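K.L.:
can't give you the sequence, but here's the structure:
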């Protein structure tokens, strides 16, 4: 019974959510490839042995594979699913027209970029749909309280102050403060606010605190130490155009927040213990499923943004690595040598596997401690 409960609570939500974001990503590659005249031999959700599938009239094998931790599309002319180029010397002219390696640099780059781009577009549409139908919780940028000894108190901020801007960024609601401070980090930031109708300016330096996130896990993050006035919050529903604009802004905040967090980990300003892997995503998926359908939908969109962004990192084996190779090819007028590409892909593979092992180790440590 405990196994069935674990399966139903965590594994199934994780597989459903991951399958959706992987399908969206790979379908982006597939759709643009077909528009560019490239034949797609395999569209696989998952890796390894095929569990079941079908072949469409264009010769593409659509398949569900045994290891549900990703997916791929294999283009005609590629030696493998990682887009390693096979020799085209014996191809007919008709085959060359359908082969991925024989497309222009711009076409190949567009096909590769389409995967991450589709993740972003999908997330924006999901966020917009939620903002139109369910709404978005908003609170005025008025401080409901200031924690004693916090960065905000040291800067001279008080309860009732209306925040106008921080670090040169306009603030229209309290949620803007919550998203901006972790991105900005622990450097001095200029805070402009209204008190008794008078505009004032102070300099605040966010402090690192350990807080418990929505999943019950403790993480280190920069904080000002200000509190929201929850009695002033309301749920706002948007029309289609406004919802789309809010969705784009929300997606941008997720992207910039993730990049800032990665940068802080690289510089040592933030610990790497927050880095999570498949086990952590599975746990979060299960917790979101228990909170309800809307939470699952929003988490799926959030995961889609992160999948798209991570794939754009310039690491060989990821989409960003391929784009880097194509950029070098465009500058040189010819592709990198096969040896250089092979070394790059191997280094990328080592990096990705090492990162997965490290993230999974973090997951296990959190489970043991939690």
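P.N.:
Looks like it arrived, so ask away. Predicted model only: the values in this text are computed from it and were never measured.
K.L.:
what sits against the most centrally placed residue in the chain?
P.N.:
Nearest to the mean C-alpha position of the chain, by C-alpha atoms, centre = their mean, lies residue 306 at 0.7 Å. By C-beta atoms under 8 Å, 6 or more residues apart in numbering, the contact list for residue 306 reads 254, 258. C-beta here means a position set from N, CA and C on the backbone, and glycine is covered the same way.
K.L.:
so it versus residue 254, what's the distance?
P.N.:
7 Å (C-beta to C-beta, to the nearest Å).
K.L.:
and residue 345, how many neighbours?
P.N.:
19 (other C-beta atoms under 10 Å).
K.L.:
how is the chain divided into domains?
P.N.:
Here the domain assignment for the chain is 104-135+238-370, 137-236, based on automatic domain parsing.
K.L.:
would you turn these into JSON lines with mean pLDDT and distance to residue 76?
P.N.:
Converted to JSON lines, the domains of the chain look like this (pLDDT from 0 to 100; distance: least, C-beta to C-beta, whole Å):
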{"stretch": "domain 104-135+238-370", "mean pLDDT": "82", "distance to residue 76": "12"}
{"stretch": "domain 137-236", "mean pLDDT": "83", "distance to residue 76": "43"}
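K.L.:
distance to residue 92 added to those domains, as TSV?
P.N.:
Shown next, in TSV, are these (distance: least, C-beta to C-beta, whole Å):
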stretch	distance to residue 92
domain 104-135+238-370	20
domain 137-236	53
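K.L.:
nearest to residue 31, out of those?
P.N.:
domain 104-135+238-370 (6.7 Å; C-beta to C-beta).
K.L.:
list phi and psi for the closest residue to residue 224 other than its chain neighbours.
P.N.:
In space, residue 224 comes closest to residue 152 once its chain neighbours are excluded; the distance is 4.6 Å by C-beta to C-beta, 6 or more residues apart in numbering. Dihedral angles of residue 152 (phi, psi; degrees, to the nearest 10) stand at phi -60, psi -40.
K.L.:
this structure: strands as residue ranges?
P.N.:
40-55, 61-75, 136-138, 143-146, 162-166, 169-170, 189-195, 198-204, 207-212, 218-223, 226-228, 234-236 (DSSP state E).
K.L.:
dump the ones you listed to CSV, plus distance to residue 111 and mean neighbour count.
P.N.:
Formatted as CSV, the strands of the chain follow (distance: least, C-beta to C-beta, whole Å; neighbours: other C-beta atoms under 10 Å):
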stretch, distance to residue 111, mean neighbour count
strand 40-55, 10, 15
strand 61-75, 8, 18
strand 136-138, 35, 16
strand 143-146, 49, 19
strand 162-166, 40, 19
strand 169-170, 36, 12
strand 189-195, 41, 19
strand 198-204, 46, 13
strand 207-212, 42, 12
strand 218-223, 37, 17
strand 226-228, 45, 20
strand 234-236, 39, 11
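K.L.:
switch the ones you listed over to CSV; also include distance to residue 124.
P.N.:
Output for the strands of the chain, formatted as CSV (distance: least, C-beta to C-beta, whole Å):
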stretch, distance to residue 124
strand 40-55, 22
strand 61-75, 21
strand 136-138, 14
strand 143-146, 31
strand 162-166, 25
strand 169-170, 21
strand 189-195, 28
strand 198-204, 32
strand 207-212, 28
strand 218-223, 25
strand 226-228, 26
strand 234-236, 18
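K.L.:
among these, which comes closest to residue 310?
P.N.:
Among the strands of the chain, strand 61-75 comes nearest to residue 310, with 11.7 Å by C-beta to C-beta.
K.L.:
rewinding a little: out of the strands of the chain, which gets nearest to residue 281?
P.N.:
Nearest to residue 281 among the strands of the chain is strand 61-75 (9.9 Å), distances taken as C-beta to C-beta.
K.L.:
tell me what the closest one is packed against?
P.N.:
Using 3 or more C-beta pairs under 8 Å, 6 or more residues apart in numbering; DSSP states H and E, the elements in contact with strand 61-75 are helix 12-35, strand 40-55.
K.L.:
closest one to residue 104 among the ones you listed?
P.N.:
helix 12-35 (13.1 Å).
K.L.:
can you list contacts of that closest one?
P.N.:
Residues from elsewhere that reach helix 12-35 (C-beta under 8 Å, 6+ apart): 40, 43-45, 58, 60, 68-73, 75, 100, 110-112, 114-119, 122, 278, 281-282, 285-286, 288-289, 296, 299-300, 303-304, 307-308, 311.
K.L.:
looking at the helices and strands packed on strand 61-75, which is nearest to residue 345?
P.N.:
When the helices and strands packed on strand 61-75 are ranked by distance to residue 345, counting by C-beta to C-beta, first place goes to strand 40-55 at 16.3 Å.
K.L.:
which residues are contacting stretch 57-68?
P.N.:
15, 18-19, 30, 34, 39-56, 71.
K.L.:
go again with 10 Å.
P.N.:
Under the contact criterion C-beta atoms under 10 Å, 6 or more residues apart in numbering, stretch 57-68 has outside partners 11, 14-16, 18-19, 22, 30, 33-34, 39-56, 71-74, 76, 98, 278.
K.L.:
now stretch 90-107
P.N.:
Stretch 90-107 has contacts (C-beta under 10 Å, 6+ apart) with 32-33, 35-41, 59, 73-79, 83-88, 108-112, 325-331, 333, 335.
K.L.:
ok, now which ones touch the closest residue in space to residue 200 that isn't next to it in sequence?
P.N.:
Distances taken as C-beta to C-beta, 6+ apart put residue 193 closest to residue 200, at 5.9 Å, once the chain neighbours are dropped. The contact partners of residue 193, by C-beta under 10 Å, 6+ apart, come to 141-143, 155-158, 160-166, 171, 199-202.
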